[in-house]
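Student: Please work out how this folds:
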Amino acid sequence: MPDILDDAERLCAQNGVRLTPLRRRVLELVAGSKAPVKAYDLLSRIDQSNANAKPPTVYRALDFLMEAGLVHRVEALNAFIACPQAGHGHAAMLYVCEDCANVTEVQGARPGQDNKPDGFAVKRSVIEHYGKCIDCR
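Tutor: Model (predicted):
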């Protein structure tokens, strides 16, 4: 996890944006989770010393982290995972085990880039595949 946090600090500095203490804490919690984590679970885990942490605050931190390419949203689970290849501008190809909820990210091409409508700028792409992981089969 230190690599993810170090990469996040470096990426934010390069892009001229701040990885605030709350954003860093949210990333730390997402990266430290063994399974995809929901926003309200993050809220309950944030240190009690941060009394300003309310649902909109956590969602804003998650939006920032997604925009920065540091986390991915697992759409069907409405949960989040850390990106091991932060800031590389790749498409997230996620393999979600329907039994244990483990999510594995595989680096992929940029879907939608070759056949996008004229003038359309792809901001992010997420492809989710559902089945059973090797441990659950």
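
Student: So residue 25 belongs to a strand, correct?
Tutor: No: under DSSP: H, G, I helix; E, B strand; the rest coil, residue 25 sits outside any strand and is assigned helix.

Student: surely it meets residue 46?
Tutor: Yes: using Cβ atoms under 8 Å, residue 25 is in contact with residue 46, at 6.1 Å. Where C-beta positions appear, they are placed from N, C-alpha and C, glycine not excepted.

Student: mind listing what's buried in stretch 32-39?
Tutor: 33, 36-39 (16 or more other Cβ atoms under 10 Å).

Student: do stretch 72-79 as well
Tutor: So, applying 16+ other Cβ under 10 Å, buried residues of stretch 72-79: 72-74, 77, 79.

Student: would TSV of those residues with distance to residue 97, secondary structure and pLDDT be doable?
Tutor: As requested, the buried residues of stretch 72-79 are exported to TSV (distance: Cβ to Cβ, whole Å; DSSP: H, G, I helix; E, B strand; the rest coil; pLDDT from 0 to 100):
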residue	distance to residue 97	secondary structure	pLDDT
72	16	strand	89
73	17	strand	91
74	11	strand	91
77	11	helix	89
79	13	strand	94
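
Student: could those residues be laid out in a markdown table, adding distance to residue 127?
Tutor: Output for these, formatted as a markdown table (distance: Cβ to Cβ, whole Å):
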| residue | distance to residue 127 |
| --- | --- |
| 72 | 11 |
| 73 | 13 |
| 74 | 11 |
| 77 | 14 |
| 79 | 16 |
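
Student: Which one of those residues is nearest to residue 29?
Tutor: Nearest to residue 29, judged by Cβ to Cβ, of the buried residues of stretch 72-79 is residue 79 at 12.1 Å.

Student: Just to check, residue 105 is in contact with residue 81?
Tutor: Yes: in this structure, residue 105 is within contact of residue 81 by Cβ under 8 Å, at 7.0 Å.

Student: Comparing the two, which residue is more hemmed in?
Tutor: Counted by other Cβ atoms under 10 Å, residue 105 and residue 81 do not tie: residue 81 has more neighbours, with 23 against 18.
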